[in-house]
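Asker: Sequence and predicted structure are below.
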Amino acid sequence: MFTLVTILTIAIGIGANSVIFSVIRGVLLKPLPYPDPDALIAIWQTAPKINLKELDLSPSDYFIFREKNRSFTSMGAWGGGTVSITGNGSPEEVRSLWVTEETLGVLGMVPSLGRTFTAKDTERVPDTVILTHAYWQRKFGGDPSAVGRRILIGGQGMEIIGILPAGFRFLDEKPDLFLPLRFERAKTKLGNYSYRGIARLKFGVTLAQANADIARLIPIAHVSFPPPPGFSAKLFDEAHMQAALRPLIKDVVGELGKVLWVLMGSIAVVLLIACANVANLLLVRAEGRQQELSIRLALGASSGRIAGELLFESLLLAVLGGAAGLGLAAAALRVLVSIAPAYLPRLDNIAIDGVVVLFTLGISLAAGILFGLIPVLKYAAPNVTAALRAGGRTLSQGRERRRARNVLVVVQMALAVVLLIGSGLTIRTFQALRRVDPGFHAPRELQTFRLYIPETAAKEPDRAIRTLQEIQRKLSEIPGVTAVAFGNSFPTDGNNSTDLLYAEDRTYKEGDLPPLRRFKFVAPASFMPWGRLW
């Protein structure tokens, strides 16, 4: 019973640490699965004058940065969205990425079948497509003859020119196909910061040097292309845009790293509590063995040998507990991966591997030494005369005998109180988030969905509006539906357009920029299901 309780206690503490370390290793510590991943960077800018901490790449930036930089071996731009596929089974809307001709090459991608995009694919109206391995298997059954066939994407025929390798992942995106991203240089104007940029640094170039290089090119971009109607080139200069390049892995992980490290620290406290608990159990057990240990000393055993045996028993218990904890960790990770939480990137990388096993073994040995040293130091050299005189009767427990156990109990309680306070604050925060007012009426009754009308099905804007209005009318006739509206995004989805907002009747001073505001495009009925009027 002592062994089972001890192993279970250690398994819970070590298993929890192994789970969190597996997540940290898979998400934060493993390099990106591309050649020389440390050379990959994400291209961002900031505009402190208009309070923008993150500014995407614009087509004008793409042309100037790609052509005049001194820091990159290659550079690409990309954006995401959805497209509709028809003519090959049931119509479906799939996740897609638009990429410039060098984007996949920046990541070292070589198609398993066919070819990748070239400059010709992005210089004309896109009529080529690359499929991911998963979509190729699902839609074409892995048929190699799919390369060269044409499929209808958005009502337009496009040729399949390549199939991506099975293990290829584009950052943490999960697209089904890739389309060529086309920028028309003759029609490019300043602005339209709507695309993500990635690049590969030249050998020996540091991130600071690359930032300085891009900072040099930002003013050049502002004078190389005309401003859009209603704007001036000076306005872009007055925004004080700055380069903010960063390692590509930060684009994948985001701010999750801080949360994971805090969680790792919290789980480490759980292990310390488990160690204190086991140390107390070992103290009680060692106290019951005082006569046995004294007889062995009297027969000639050394204190070092007895200390070694006690420590070996502790390490054996710790290793057995670590093995059980590793089993618990593996089961917990299987559950985590099956749930696939959307906030956790690089989920495919989270697994029990050799490094996790070594980590588990290391903390098992450390825990064994930690909780094993206390009974060793206290009972490895017992008072032989007092123990033998006891003749097997229980010795009275004085203040000295209880001191070590009392200290361990105090340590356990202190650590448990810290965890309890942290857990209470977390639960309170969760409850507060559940009670947040979303700003519109009856959120539980609001149902949202996305639809895509191909340009080939409604080329004229008036026809597209009429199509949406007809869809709106038919939906409103469904029993139980009280109101229907449409827009380019729905409440709380985080998808907003952002631009400077000029007041028509206001004159702005030299160097005075109007405020930056977020906005949505919505139909007239949008406030009926969402607003406070109903």
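Answerer: The structure has been received and is ready for your questions. Numbering: from 1, shown residues only.
Asker: For the helix or strand hosting residue 136, buried residues please.
Answerer: Per DSSP states H and E: residue 136 is located in helix 133-140. By neighbour count on 16 or more other Cβ atoms under 10 Å, the buried set for helix 133-140 is 133, 135, 136, 139, 140. From N, CA and C alone the C-beta is placed, and that goes for glycine too.
Asker: ok, the last one - contacts?
Answerer: The reference is to residue 140. 131, 146 (Cβ atoms under 8 Å, 6 or more residues apart in numbering).
Asker: Tell me how many other residues crowd residue 480.
Answerer: The number of residues packed near residue 480 is 5, by other Cβ atoms under 10 Å.
Asker: What of residue 265?
Answerer: Residue 265 has 11 neighbouring residues, counting by other Cβ under 10 Å.
Asker: can you check the one 3 residues further on too?
Answerer: Close neighbours of residue 268, defined as other Cβ under 10 Å, add up to 15.
Asker: Isn't residue 464 up against residue 454?
Answerer: No. In this structure, residue 464 is not within contact of residue 454 by Cβ atoms under 8 Å, at 10.0 Å.
Asker: Quick check: phi and psi at residue 463.
Answerer: Main-chain torsions, residue 463, degrees, to the nearest 10: phi -70, psi -40.
Asker: Measure how buried it is and give me the count.
Answerer: Neighbour tally, residue 463, other Cβ under 10 Å: 12.
Asker: and it, how far is that from residue 167?
Answerer: Noted for residue 463: a distance of 44 Å to residue 167, by Cβ to Cβ, to the nearest Å.
Asker: so what's residue 79 bridging to?
Answerer: Counting by DSSP bridges, residue 79 forms beta bridges with residue 98.
Asker: Report the spatially closest residue to residue 9, excluding sequence-adjacent ones.
Answerer: Leaving aside its chain neighbours, residue 9 sits nearest to residue 274 (5.1 Å; criterion: Cβ to Cβ, 6 or more residues apart in numbering).
Asker: Tell me the spacing between the one you found and residue 162.
Answerer: From residue 274 to residue 162 the distance is 53 Å (Cβ to Cβ).
Asker: so where's the stretch 401-534 of the chain shaky on pLDDT?
Answerer: Along the stretch 401-534 of the chain, segments meeting pLDDT under 70 span 401-402, 404, 508, 510-512, 528-534.
Asker: could you pull out the strands for it?
Answerer: Secondary structure of the stretch 401-534 of the chain by DSSP state E, counting those that start in this stretch: the strands cover 497-500, 516-519.
Asker: need those in a markdown table with distance to residue 93 and mean neighbour count, can you?
Answerer: Supplementary listing: these in a markdown table, determined by distance: least, Cβ to Cβ, whole Å; neighbours: other Cβ atoms under 10 Å:
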| stretch | distance to residue 93 | mean neighbour count |
| --- | --- | --- |
| strand 497-500 | 22 | 13 |
| strand 516-519 | 25 | 12 |
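Asker: Including distance to residue 443, could the ones you listed go into a markdown table?
Answerer: What follows is the strands of the stretch 401-534 of the chain, written out as a markdown table (distance: least, Cβ to Cβ, whole Å):
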| stretch | distance to residue 443 |
| --- | --- |
| strand 497-500 | 23 |
| strand 516-519 | 20 |
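Asker: Could you point out which of those strands sits nearest residue 16?
Answerer: Of all the strands of the stretch 401-534 of the chain, it is strand 516-519 that lies closest to residue 16, at 40.7 Å by Cβ to Cβ.
Asker: Can you give the distance from the closest one to the centre of its chain?
Answerer: Relative to the centre of its chain, strand 516-519 is centred 27 Å away, using Cα atoms, centre = their mean, to the nearest Å.
Asker: for stretch 180-194, same thing?
Answerer: Computed by Cα atoms, centre = their mean, the separation of stretch 180-194 from the middle of its chain amounts to 30 Å.
Asker: returning to what we had before: verify the contact between the residue nearest to residue 9 and residue 15 for me.
Answerer: No. Counting by Cβ under 8 Å, residue 15 is not a contact partner of residue 274; they are 10.2 Å apart.
Asker: For residue 274 and residue 162, indicate the residue with more neighbours.
Answerer: More neighbours surround residue 274 than the other of residue 274 and residue 162, with 26 against 21 (other Cβ under 10 Å).
Asker: In contact with the more buried one, which residues?
Answerer: Residue 274 makes contacts with 9, 10, 12, 13, 14, 367, as judged by Cβ under 8 Å, 6+ apart.
Asker: So what does the closest residue to residue 464 other than its chain neighbours look like in phi/psi?
Answerer: In space, not counting the residues next to it along the chain, residue 464 is nearest to residue 458; the distance is 4.0 Å by Cβ to Cβ, 6+ apart. The phi and psi torsions at residue 458 (degrees, to the nearest 10) take the values phi -150, psi 80.
Asker: what number of residues lie near residue 458?
Answerer: Number of residues near residue 458 (other Cβ under 10 Å) recorded here: 16.
Asker: Confirm residue 129 sits in a strand?
Answerer: Yes. Judged by DSSP: H, G, I helix; E, B strand; the rest coil, residue 129 forms part of a strand.
Asker: hey, what's it bridged with?
Answerer: Here residue 129 sits in beta bridges with residue 160, going by DSSP bridges.
Asker: Verify the stated contact: it with residue 176.
Answerer: No. Counting by Cβ under 8 Å, residue 129 sits too far from residue 176 to count as a contact (10.0 Å).
Asker: those helices in the stretch 351-500 of the chain, which residues are they?
Answerer: 354-379, 384-390, 399-434, 461-476 (DSSP state H, counting those that start in this stretch).
Asker: what's the answer for the stretch 1-150 of the chain, then?
Answerer: Listed in chain order, the helices of the stretch 1-150 of the chain (DSSP H, counting those that start in this stretch) span 2-24, 59-68, 103-106, 119-123, 133-140.
Asker: Just name whatever secondary elements the second one is in contact with.
Answerer: Spelled out, that is helix 59-68. Contact here means 3 or more Cβ pairs under 8 Å, 6 or more residues apart in numbering; DSSP states H and E; on that basis helix 59-68 packs against strand 72-86, strand 196-201, helix 207-224.
Asker: Quickly compare the ones you listed and say which is most buried.
Answerer: strand 196-201 (a mean of 24; mean count of other Cβ atoms under 10 Å).
Asker: next one: that strand to chain centre, how far?
Answerer: Distance, stretch centre to chain centre, for strand 196-201: 19 Å (Cα atoms, centre = their mean).
Asker: ok, that strand: who's next to it in the sheet?
Answerer: Using DSSP bridges, strand 196-201 pairs in its sheet with strand 40-43 (antiparallel), strand 72-86 (antiparallel).
Asker: contact partners of the first one?
Answerer: For strand 40-43, the surrounding residues in contact (Cβ under 8 Å, 6+ apart) are 32, 34, 57, 61, 65, 75, 106-107, 196-201, 207, 210, 214, 245-251.
Asker: how about 10 Å then?
Answerer: Identification of contacts with strand 40-43 by Cβ atoms under 10 Å, 6 or more residues apart in numbering yields 31-32, 34, 56-57, 61-62, 65, 69, 71-72, 75-77, 106-108, 171, 195-201, 205, 207, 210-211, 214, 243-252.
Asker: cool, stretch 217-235 as well?
Answerer: With contact meaning Cβ under 10 Å, 6+ apart, stretch 217-235 is reached by 45, 50, 58-71, 185, 187-192, 214, 236-243, 499-500, 502, 508, 510-511, 513-514.
Asker: May I see the ChimeraX selection of the buried members of those residues?
Answerer: Buried residues among these (16+ other Cβ under 10 Å), as a ChimeraX selection:
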select :45,50,58,59,60,61,62,63,64,65,66,69,71,188,190,191,214,236,238,239,241,242,243,513
